[in-house]
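[1] Structure here, sequence nowhere to be found:
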């Protein structure tokens, strides 16, 4: 099972995107644990993640997150258009691709 973690400013704005990503995973017959958190919760959840996606509104914190994971897992910023349109299918595909490339 894939464990996908999304970070945003407060953990609230990504909740709809999480639901759409879960729908995309289900449609593909894949199991995935997908959850959104505030960036302030990073220390308590990051060790369980297979991949971390960052909301574009906090893209400036990408370096901090990458330093925290120290290359153990992939980290990327969600495309602003995909985030804005809540394109769960594309964001889920982004996460899966990162996980696959990290194997």
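    Now that the structure is in, tell me what you want to look at. Here the structure is a predicted model, which is why all the values come from computation and not from measurement. Residues are numbered from 1 along each chain as shown.

[2] Tell me where this structure has strands.
    Using DSSP state E, the strands of the chain run over 2-8, 32-38, 51-54, 75-77.

[3] Show me what the third one is in contact with.
    What it means is strand 51-54. For strand 51-54, the external contacting residues (CB atoms under 8 Å, 6 or more residues apart in numbering) are 2-8, 39, 46, 61-62, 65, 69, 73-78, 91, 94-95, 98-99, 102. All C-beta spots, glycine's among them, are computed from the backbone N, C-alpha and C.

[4] Run me through the strand neighbours of that strand, direction for each.
    In the sheet containing strand 51-54, its partner strands are strand 2-8 (parallel), strand 75-77 (parallel), by DSSP bridges.

[5] And the contacts of the one helix or strand in the chain whose mean pLDDT sits lowest?
    When each helix and strand of the chain is scored by mean pLDDT, DSSP states H and E, helix 42-45 comes last, with a mean of 92. Where contact means CB under 8 Å, 6+ apart, the residues beyond helix 42-45 that reach it are 5, 7, 35, 37, 65, 68.
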